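Colleague: Sequence below, structure please.
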Amino acid sequence: MRIGVNVGHFAGRPPPDLAARLQEIDAAGFSSVWFAEAYGSDVFTPLAYAAALTSRVRLGTAVAQVPARTPAATAMAAMTLDHLSGGRVVLGLGASGPQVSEGWHGAPYARPLARTREYVSVVRQVLAREAPVSNDGEYFPLPSPGSELGKPLRSSLHPYRASLPVLLGAEGPRNIALSAEVADGWLAMFFAPAFDGFYREALDEGFARRGGRPEGFEVVATVPVVLDDDVDRAADRVRPELALYMGGMGARGANFHHDVFVRMGYESVAARVQELYLDRRKDEAAAAIPTELVEQVALIGPVGKVRRDLDRWESTVVDEIAVQGLPDDVSAVARLL
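Modeller: Model prediction:
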């Protein structure tokens, strides 16, 4: 199993030692570095920064938000960076959620699967550069309807790789199936090895619509990793982030991260965490998450325990684990994994 690092998005400000940490990750043998975006730092700028500081790791967006850019703009950024990095880019896309899409980007969120499907189609056209790009779809029509001067255009930049991989970030079964149907991989979040069968069924549904699993399809899961002799203390490092996503990323009835834990059988826990978090009792929300739940979606505890727990992941659909956040001790995590 490959191991990468998902730095995520910057909270407050970028880490002051980011350059040195990225070079250390590259030298330590990790397979990839990923960045994210929400409603602050963007995803492509730090990825370009990482490209200039590294020489071997893959460079991934996890994820570039669909509502943040037109599909052509996203393809342009990915294609340009692929050239400058020597073909190391992995383009991860995600629909985001209604709060960010409509409240931050001012873009409609309705029918996110259909919107994503069309978005991927346009991105593929740009990357392939086989013909001028056109699209008669509902969400990203090209040329713009009613335009008198607009015409289909072909990218002036030739792609470094027309086959630049496109992955989809997904949590629900329909979105996971979509990744299997139209993308080159699935970016998983809050993956639990105990539910591997559920994820395989969703992927198989998409592969069936595609006519089979394509060669090279990959599953990359972002996973918190905390090495500590005290398991509960290690879980305490993860609980606040889980509380944020379970309770605060969205509203009641419209939080897809929350729904993941409901499907895992933690409905009462998820409801309590959401209630506390939305009531601004964030510390209590984090404390309400049991250690056993943290252990479902994270690798925590002493080195020996983490090694044993990692064995559960080896038999799952996951091809690569992206360690969530910059590890405290890059070399220790590299030796472990």
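Colleague: all helices of the stretch 201-337 of the chain, in order?
Modeller: Taking DSSP state H, counting those that start in this stretch, the helices of the stretch 201-337 of the chain run over residues 231-243, 256-263, 267-278, 282-287, 291-297, 303-314, 330-336.
Colleague: Just to confirm, which residue in the chain is farthest away from the center?
Modeller: Glu148 (38.7 Å; CA atoms, centre = their mean).
Colleague: Okay, and Ser144 sits in which element?
Modeller: Following DSSP states H and E, there is no helix or strand that holds Ser144.
Colleague: And the pLDDT for the nearest residue to it once chain neighbours are set aside?
Modeller: Using CB to CB, 6 or more residues apart in numbering and skipping the chain neighbours, the partner closest in space to Ser144 is Gly150 (5.3 Å). (Glycine included, C-beta is placed from N, CA and C.) Reading off the confidence values, Gly150 has pLDDT 95.
Colleague: Please apply the same query to Ala251.
Modeller: pLDDT at Ala251 comes out at 68.
Colleague: what about Gly146, how many residues close to it?
Modeller: By other CB atoms under 10 Å, the residues close to Gly146 number 7.
Colleague: Quick one, grab the pLDDT at it.
Modeller: Note for Gly146: predicted pLDDT of 92.
Colleague: So it, which state does it fall into?
Modeller: Of the three states, Gly146 takes coil under DSSP: H, G, I helix; E, B strand; the rest coil.
Colleague: That one and Ala107, how far apart?
Modeller: Look at Gly146 and Ala107: by CB to CB, to the nearest Å, they are 20 Å apart.
Colleague: With Glu181 instead?
Modeller: Taking CB to CB, one finds Glu181 at 23 Å from Ala107.
Colleague: repeat for Val122
Modeller: For Val122 relative to Ala107 (CB to CB), the value is 15 Å.
Colleague: Of those two, give the one with the bigger neighbour count.
Modeller: Set Val122 next to Ala107 and count neighbours by other CB under 10 Å: Val122 wins out with 22 against 17.
Colleague: Give me the neighbour count for the residue nearest to the more buried one when sequence neighbours are not counted.
Modeller: Counting by CB to CB, 6+ apart, Pro71 is the residue found nearest to Val122 once chain neighbours are left out, at 3.7 Å. By the criterion of other CB under 10 Å, Pro71 has 23 neighbours.
Colleague: for the one 3 residues further on, same thing?
Modeller: Here the neighbour count serves as a burial measure; for Thr74 (other CB under 10 Å) it reads 24.
Colleague: Report all helices and strands that the helix or strand hosting it contacts.
Modeller: Secondary structure assignment for Thr74, by DSSP H and E: helix 71-84. If contacts are counted by 3 or more CB pairs under 8 Å, 6 or more residues apart in numbering; DSSP states H and E, helix 71-84 sits against helix 44-53, strand 64-65, strand 89-94, helix 112-128.
Colleague: Out of those, the one nearest His158 is which?
Modeller: The minimum distance between His158 and the helices and strands packed on helix 71-84 falls on helix 112-128, with 10.6 Å, by CB to CB.
Colleague: gap between that closest one and the chain center?
Modeller: 17 Å (CA atoms, centre = their mean, to the nearest Å).
Colleague: Also stretch 313-326?
Modeller: When C-alpha coordinates are averaged (CA atoms, centre = their mean), stretch 313-326 and its chain have centres 12 Å apart.
Colleague: Quick one: mean pLDDT over that stretch.
Modeller: pLDDT averaged over stretch 313-326 gives 96.
Colleague: got the buried residues for it?
Modeller: By neighbour count on 16 or more other CB atoms under 10 Å, the buried set for stretch 313-326 is Trp313, Thr316, Val317, Val318, Asp319, Glu320, Ile321, Ala322, Val323, Gln324, Gly325, Leu326.
Colleague: where does this protein dip in pLDDT?
Modeller: Scanning the chain for pLDDT under 70 picks out the ranges 251.
Colleague: let's see 80
Modeller: The chain contains residues with pLDDT under 80 at 250-254, 336-337.
Colleague: how does it divide into domains?
Modeller: Structural domains assigned to the chain are 2-225+298-336, 229-297, following automatic domain parsing.
Colleague: who are the neighbours in contact with Thr291?
Modeller: Val231, Asp232, Ala235 (CB atoms under 8 Å, 6 or more residues apart in numbering).
Colleague: now those as CSV including neighbour count?
Modeller: CSV is the format used below for the contacts of Thr291 (neighbours: other CB atoms under 10 Å):
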residue, neighbour count
Val231, 17
Asp232, 12
Ala235, 24
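Colleague: Closest to Gly8 out of those?
Modeller: For those, the nearest to Gly8 is Ala235 (19.1 Å; CB to CB).
Colleague: which residues does the closest one contact?
Modeller: Contacts of Ala235 by CB under 8 Å, 6+ apart are Val226, Ile289, Thr291, Val294, Glu295, Ala298, Ile300.
Colleague: Columns distance to Gly137 on top of the contacts of Thr291, output as JSON lines?
Modeller: Shown next, in JSON lines, are those (distance: CB to CB, whole Å):
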{"residue": "Val231", "distance to Gly137": "49"}
{"residue": "Asp232", "distance to Gly137": "50"}
{"residue": "Ala235", "distance to Gly137": "45"}
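Colleague: which one of these is nearest Arg209?
Modeller: So of the contacts of Thr291, ranked by how close each gets to Arg209 (CB to CB), first place is Ala235, at 39.0 Å.
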